[in-house]
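1. make a model of this:
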Amino acid sequence: MKIVFMGTPDFAVPSLEKIISKYGVEAVFTQPDRPKGRGKKMAYSPVKEVAVKHNIKVFQPEKLKEDREAIEYLKDLKPDFIIVVAFGQILTKEVLDIPSIGCINLHASLLPMYRGAAPLNWVVINGEKVSGNTTMLMDVGLDTGDMLLKDEVEITENMTAGELHDKLMISGADLLIKTIEGMSKGEITPIKQEGETCYAKMLNKDTGKIDWEKSAKDIHNLIRGLNPWPIAHTTYKGESMKIYESIVINENSSKEPGTIISVNKSGMKVNTSDGIILIKKIQFPNGKPLTIEQYINGKEIEVGTKLV
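-> This next block holds a predicted model:
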């Protein structure tokens, strides 16, 4: 079986490794090397690192749709499958039509809900109790192709988007293998996407601005949905304060939303529109992320201050 893999970030790595070990991979397509870290050194994508380790041919087109050499290579190769996991480029109909069985995409949501760039974050921000992966036959739309297989993962009360990411990237690799097996034997019937849908738009820094007039639960969901990136934030005495971790507690206060009620080793209590949230971990500019216990070991957080 001839398989071409297209992917870029960490999320795609377990899928690539599993496919290499079970079927082998003819070629890998990934995003161009990008400057990374403080030194801005050019760095391979996580997927390229795996491909290089296994001596697999790597293509890194800035825009695949304009790269005639890469497209002709694919046509000459005549792959059975092109497998796509967070590649970061839209595939044209010309490329989608190349593999004999199909282009299959692993998407980290239960389609048709949460199409788009950031499903892992928005399911947590919106307080969903369950998410999962969907494999689908790709078409020219964005996550609109016919669905093949799904798996489900429970989202627990304090699970972060990062923790959900790590669960789904492992279970997604298994789901892809089942999908490749089933499709190559003609045992899977593709299902059209119908019914309710929503779009998981890209995140930016503004997504993380905390509105203390919201409920404690909504604020807690925002904090865990934006961990490990871009991190929810507020302003303390004119300075940006990032918030990494929180717990909703069953306490109330008559103070204005955003007011710091108390600070001790267990955390910083802040009032919201409907009760108190306990903030456990924060970061100020030029500092490291610290638990409240670590932070108050050397510095003070003033009770009664209003976060905005």
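
2. all helices for this structure, in order.
-> Ranges of helices within the chain are 13-22, 46-53, 68-77, 93-96, 119-125, 161-184, 216-225, 292-295, based on DSSP state H.

3. Throw those helices into JSON lines and include mean neighbour count, thanks.
-> The C-beta positions use only the backbone N, C-alpha and C, and glycine is treated the same way. Supplementary listing: the helices of the chain in JSON lines, determined by neighbours: other CB atoms under 10 Å:
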{"stretch": "helix 13-22", "mean neighbour count": "19"}
{"stretch": "helix 46-53", "mean neighbour count": "18"}
{"stretch": "helix 68-77", "mean neighbour count": "14"}
{"stretch": "helix 93-96", "mean neighbour count": "15"}
{"stretch": "helix 119-125", "mean neighbour count": "25"}
{"stretch": "helix 161-184", "mean neighbour count": "19"}
{"stretch": "helix 216-225", "mean neighbour count": "24"}
{"stretch": "helix 292-295", "mean neighbour count": "17"}
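
4. quick one: closest of the ones you listed to residue 107.
-> Taking CB to CB, helix 119-125 is the member of the helices of the chain nearest to residue 107, at 7.1 Å.

5. can you name every helix or strand that that closest one contacts?
-> Using 3 or more CB pairs under 8 Å, 6 or more residues apart in numbering; DSSP states H and E as the contact criterion, the neighbours of helix 119-125 among helices and strands are strand 130-137, helix 161-184, strand 199-200, helix 216-225.

6. tell me which residues are up against that helix.
-> 107-109, 114, 131, 155, 159-161, 164-165, 168, 198, 200-201, 203, 221-222, 224-226 (CB atoms under 8 Å, 6 or more residues apart in numbering).

7. OK, contacts around residue 79?
-> With contacts taken as CB under 8 Å, 6+ apart, residue 79 has the following neighbours: 2, 3, 4, 26, 98, 99, 100.

8. output those in TSV, with neighbour count and distance to residue 180 appended to each entry.
-> What follows is the contacts of residue 79, written out as TSV (neighbours: other CB atoms under 10 Å; distance: CB to CB, whole Å):
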residue	neighbour count	distance to residue 180
2	17	12
3	21	8
4	25	12
26	18	14
98	18	16
99	21	11
100	9	13
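
9. may I ask which two of the residues you listed are separated the most?
-> Across these, no pair lies farther apart than 26 and 100, at 13.2 Å, counting by CB to CB.

10. tell me, what residue is most central in this protein?
-> Nearest to the geometric centre of the chain sits residue 120, at 4.5 Å (CA atoms, centre = their mean).

11. quick one, domains of the protein?
-> Per the record, the chain has its domains at 3-200, 205-295, by automatic domain parsing.

12. quick one: end-to-end length of the first one, please.
-> Just to be clear, that refers to domain 3-200. 29 Å (CA to CA, to the nearest Å).

13. could you check the pLDDT of the residue lying closest to residue 198 once chain neighbours are set aside?
-> Leaving out its chain neighbours, the residue that sits closest to residue 198 by CB to CB, 6 or more residues apart in numbering is residue 113, at 5.7 Å. Looking at residue 113, its pLDDT stands at 97.

14. ok, residue 113 to residue 273 distance?
-> 27 Å (CB to CB, to the nearest Å).

15. these two: which is more packed in?
-> The neighbour count for residue 113 versus residue 273, taken as other CB atoms under 10 Å, is higher for residue 113 (20 against 14).

16. thanks a lot, see you next time.
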